[in-house]
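A.B. asks: Following is a predicted model, sequence given first.
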There are 2 protein chains.
Amino acid sequence: MTARRPRQLNPRKIPRQARSEATVRAIFEATIQVLLQLGFARLTTTRVAERAGVSVGTMYQYFPNKEALLHAVVSHYLDRVAAAVEESCARTMGKPLGTASDALVSAYVMAKCGDIAASQALYRASSELEVSEPVTAAFGRLNRAAARLLGSAPDAAFEDIEDVAFSLVAALTGATRVAIENNADRRGLDAFHRKMLEMSRAFLHSASMARSRQSAVRDERPVP
Amino acid sequence: MTARRPRQLNPRKIPRQARSEATVRAIFEATIQVLLQLGFARLTTTRVAERAGVSVGTMYQYFPNKEALLHAVVSHYLDRVAAAVEESCARTMGKPLGTASDALVSAYVMAKCGDIAASQALYRASSELEVSEPVTAAFGRLNRAAARLLGSAPDAAFEDIEDVAFSLVAALTGATRVAIENNADRRGLDAFHRKMLEMSRAFLHSASMARSRQSAVRDERPVP
DNA sequence: CTAATATGTGAAGTGGCCTTCATCTTGTGG
DNA sequence: CCACAAGATGAAGGCCACTTCACATATTAG
């Protein structure tokens, strides 16, 4: 419940030389690799450092503790996904509903499937260990982007955009998670992608039509 | 990947007297409570035993290790959810597509929301700690039940029932997870429930119509 | 080139948690 | 009522991971 942060999560020191930047990158990648190969339960600071080719002490120079490490890795990854979706939404503002729907779905699915290994690894990490805050933040960004996009479609009108956007994004993100966890091969994911395009379009048209019918009865004046 | 099971997961002993059955129940409930109040990372065998009002040794008489405990709790919970959905599907076989869709969605959402606390707690646990096997099993049951249900609808025909069922169940389960994790109040969940009913109907009708159009073109002979 | 600063090292300390087992208590069949 | 089985106890062992810190090495500035 309470998003308490009893521990320091900010980097203890920021990289100033090229050498240390490479170190931090190596630690990031090592974290994902360990997560993938050994799972969260067997991810230890020593193992990550070893895999990254640095000593444990080095790791603790940039991340005050293990939790901060996971937090950083998850946040960095979610940032990229959210940014990709936001950008796609921005490019599609004002387009018809079907186009907007496709853009939203494809941007998300492709961002997640661009690096399936990383996605799988981070689903494992993000689920537990108090990293729920960056997950919630990223979800909020998707939610807002979707709501704005839907609101901008000229051929649609929703009476409860918030609920529609929430449900759509929940279905999209949740289903993608299930698909990636259960069905990692490209073929299955392609089929899944197509079905999600269809599901989103169908849902949005249905939700939009419901409004049209009602508004046509209630008041006739067109939207400004 | 490999579903290795290096550790014994079966109960070390099964309860024979009423006393011990109560003990096991108490341990189950204590596990959920600890999970909810302290999170997975701080769930320890000692704490669960303490909360259950028994000693650690007692716990180890029924569960050979911590992992087995979590496995048992998660499996038990998922069994109930899967059974509820299967039963609802069985009752709805042969009904029109819209009815079937509603039954599937409502059965799942209500099973999950019946005990929101437990659902939240178990989402935390099931994500990590090698309990993915019961999750996969339950998902498979839902998937098969959905596929059979869709196949039985007299007013629908799908060219790829497997993909449709998979995507629908993925969206349903994934979205519900997101909703429960993000949005625990009853009001929001009710709105979510309604939207999922709408999404499922819209998707299924769309997927079914696509088939109708194609089959009408390709061959005219009715399905046997 | 030298001092100052940034970065890297890894053995050792510390604490917590899982698990065991010798022993005690409670229930049951004869 | 007794003996045997089932159930319960919890202190102690052992293991393992996180984290620290005194010291070594590399880089940069002047």
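C.D. replies: Looks like it arrived, so ask away.

A.B. asks: anything in stretch A:48-65 near chain B?
C.D. replies: No. Between stretch A:48-65 and chain B, judged by Cβ under 8 Å from any Cβ of the partner chain, nothing touches; the nearest distance is 12.6 Å. Bear in mind the C-beta positions are built from the backbone N, C-alpha and C, glycine included.

A.B. asks: Kindly check the end-to-end length of that stretch for me.
C.D. replies: Stretch A:48-65 has an end-to-end distance of 12 Å (Cα to Cα, to the nearest Å).

A.B. asks: So which bits of that stretch are buried?
C.D. replies: A:48, A:49, A:51, A:52, A:54, A:58, A:59, A:60, A:61, A:62, A:63, A:64 (16 or more other Cβ atoms under 10 Å in any protein chain shown).

A.B. asks: Pull the distance from it to the chain's centre.
C.D. replies: When C-alpha coordinates are averaged (Cα atoms, centre = their mean, to the nearest Å), stretch A:48-65 and its chain have centres 26 Å apart.

A.B. asks: Quick check: the residue of chain A nearest chain B.
C.D. replies: residue A:174 (2.3 Å; Cβ to the nearest Cβ).

A.B. asks: Look up the closest residue to that residue, ignoring the ones flanking it.
C.D. replies: residue B:174 (2.3 Å; Cβ to Cβ, 6 or more residues apart in numbering or on different chains).

A.B. asks: Over to that neighbour. Which of the three states is it?
C.D. replies: helix (DSSP: H, G, I helix; E, B strand; the rest coil).

A.B. asks: wait, doesn't it sit right on residue A:171?
C.D. replies: Yes. Shown here, residue B:174 and residue A:171 form a contact pair, counting by Cβ atoms under 8 Å, at 6.8 Å.

A.B. asks: who has more neighbours, those two?
C.D. replies: A side-by-side neighbour count of residue B:174 and residue A:171, using other Cβ atoms under 10 Å in any protein chain shown, places residue A:171 first with 31 against 21.

A.B. asks: tell me the average confidence for stretch A:196-203?
C.D. replies: Across stretch A:196-203, pLDDT averages out at 98.

A.B. asks: how far out from the middle of the chain is that stretch?
C.D. replies: 19 Å.

A.B. asks: quick one, what contacts the residue nearest to residue A:174?
C.D. replies: Taking Cβ atoms under 8 Å, 6 or more residues apart in numbering or on different chains, we find residue B:174 in contact with A:170, A:171, A:173, A:174, A:175, A:176, A:177, A:178.

A.B. asks: in chain A, which segments are predicted with low confidence?
C.D. replies: A:1-8, A:11-12, A:15-16, A:127-131, A:210-224 (pLDDT under 70).

A.B. asks: Pick out the residue in it sitting closest to DNA strand C.
C.D. replies: residue A:57 (1.7 Å; Cβ to the nearest atom of the strand).

A.B. asks: tilt between the lengthiest helix in chain A and helix B:186-218?
C.D. replies: Ranked by residue count, the top helix of chain A under DSSP state H comes out as helix A:186-218. With axes from the mean of the first three to the mean of the last three Cα atoms, to 10 degrees defining the directions, helix A:186-218 sits at 110 degrees from helix B:186-218.

A.B. asks: Could you see whether chain B lies near helix A:186-218?
C.D. replies: Yes. Using Cβ under 8 Å from any Cβ, we find that helix A:186-218 touches chain B at A:191-192, A:195-196, A:198-199, A:201-203, A:205-207, A:210.

A.B. asks: near DNA strand D, which residues of chain A?
C.D. replies: Selection of chain A residues close to DNA strand D by Cβ under 7 Å from any atom of the strand yields A:7, A:17-19, A:42-46, A:56-57, A:60, A:64-67.

A.B. asks: Okay, and which of these map to strands?
C.D. replies: Judged by DSSP state E, strands contain none of these.

A.B. asks: Mind checking which of these are in helices?
C.D. replies: Short answer: those in helices (DSSP H) are A:18, A:19, A:45, A:46, A:56, A:57, A:60, A:66, A:67.

A.B. asks: close enough to count as contact, the fifth one and residue A:49?
C.D. replies: Yes. Distance between residue A:56 and residue A:49: 4.5 Å, which falls inside the contact criterion (Cβ under 8 Å).

A.B. asks: Just the endpoints, please. Distance across stretch A:142-161?
C.D. replies: With Cα to Cα applied, stretch A:142-161 spans 14 Å between its terminal residues.

A.B. asks: List the buried residues of that stretch.
C.D. replies: Buried-residue list, stretch A:142-161, by 16+ other Cβ under 10 Å: A:142-147, A:149-150, A:153, A:156-158, A:161.

A.B. asks: what do you get for stretch A:37-50?
C.D. replies: Under 16+ other Cβ under 10 Å, the buried positions of stretch A:37-50 are A:39, A:40, A:43, A:47, A:48, A:49.

A.B. asks: so how far is residue B:77 from the closest residue to the first one other than its chain neighbours?
C.D. replies: Leaving out its chain neighbours, the residue that sits closest to residue A:39 by Cβ to Cβ, 6+ apart is residue A:124, at 6.4 Å. In this structure, residue A:124 and residue B:77 are 20 Å apart, going by Cβ to Cβ, to the nearest Å.

A.B. asks: Which of the helices or strands spans residue A:117?
C.D. replies: Using DSSP states H and E, residue A:117 sits within helix A:116-127.

A.B. asks: between the next helix or strand after that helix and helix B:116-127, how big is the angle?
C.D. replies: Tracing the chain past helix A:116-127, the next element assigned as helix or strand by DSSP H and E is helix A:132-152. Counting by the same axes, to 10 degrees, helix A:132-152 lies at 110 degrees to helix B:116-127.

A.B. asks: now for helix A:132-152, which elements pack on it?
C.D. replies: Here helix A:132-152 touches helix A:66-92, helix A:97-113, helix A:116-127, helix A:161-182, helix B:161-182, going by 3 or more Cβ pairs under 8 Å, 6 or more residues apart in numbering or on different chains; DSSP states H and E.

A.B. asks: Report the angle between the helix holding residue A:117 and helix B:161-182.
C.D. replies: Per the same axes, to 10 degrees, the angle that helix A:116-127 makes with helix B:161-182 is 40 degrees.

A.B. asks: distance between helix A:116-127 and the chain's centre?
C.D. replies: Using Cα atoms, centre = their mean, the offset of helix A:116-127 from its chain centre is 11 Å.

A.B. asks: before we move on, what about stretch A:17-30?
C.D. replies: For stretch A:17-30, the distance to the chain centre is 24 Å (Cα atoms, centre = their mean).
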